[in-house]
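J.: Build me a model from this:
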Amino acid sequence: MAIGPTYRVPFRRRREGKTDYRGRLKLLRSRKPRVVVRKSNKHIMMQLVLFDQVGDKTFVSSTSSELKRFGYEGGTSNIPAAYLTGLLFGKKAKEAGFDEAIFDTGLQTPNHCSKEYAALKGVVNSGIEIPHDPAVFPPDERVRGEHIATFKQDPSIVDNFEAVKKGILAESEENK
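T.: Predicted coordinates for the structure are as follows:
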């Protein structure tokens, strides 16, 4: 006759719904840096993370709130902001000496044409090599914010996007 329960308690972060250990192990086995993309209701955050025995080490990070210093006037949690954050992040990563990485979305379920893939498109366009399928990227019209400009009836949104994009690319050229 059995006495007591015979089950194993999952790790704390698994119980809290914060970590998928099987997915994490697959990413860590590649031994490549991870481009971690997280989104909140107000911002898009990106980090370049390497595994360490003590804990993960972050080498490069970027958030969509940094776009304000380039003159970005739009929201910081939409598809154009995600693309520009990815572009800025990719330029920072190139300057730090990283040329390749793998994409990590964590527990988020990324859908085709989502903010996560817009950020990935920005990183790839900056010159970082990340394995991906181009079919998951949002169309260029959505990346430039034409859908927002149509809804708000304000064509300056697309012009602002292009100006910020040129500013990010020009800053990275000046630092070379």
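J.: mind saving the C-alpha coords of the helix-or-strand element of the chain with minimal mean pLDDT as CSV?
T.: For the chain, counting by mean pLDDT, DSSP states H and E, helix 21-29 ranks last in confidence among helices and strands (a mean of 84). What follows is helix 21-29, C-alpha atoms only, in CSV (Å, rounded to 0.1, in the frame of the first residue of the first chain):
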residue,chain,number,x,y,z
TYR,A,21,12.9,24.5,-19.5
ARG,A,22,12.6,22.3,-22.5
GLY,A,23,12.6,25.2,-24.9
ARG,A,24,15.4,26.9,-23.0
LEU,A,25,17.6,23.8,-23.1
LYS,A,26,17.2,23.6,-26.9
LEU,A,27,18.3,27.2,-27.3
LEU,A,28,21.3,26.8,-24.9
ARG,A,29,22.5,23.7,-26.8
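J.: tilt between the next helix or strand after it and helix 21-29?
T.: With elements assigned by DSSP states H and E, the helix or strand that comes after helix 21-29 is strand 34-39. Interaxial angle, strand 34-39 versus helix 21-29 (axes from the mean of the first three to the mean of the last three Cα atoms, to 10 degrees): 140 degrees.
J.: Show the end-to-end separation of stretch 141-148, please.
T.: From its first residue to its last, stretch 141-148 covers 10 Å (Cα to Cα, to the nearest Å).
J.: And for stretch 128-139?
T.: End-to-end span of stretch 128-139 (Cα to Cα): 20 Å.
J.: Good, wrapping up.
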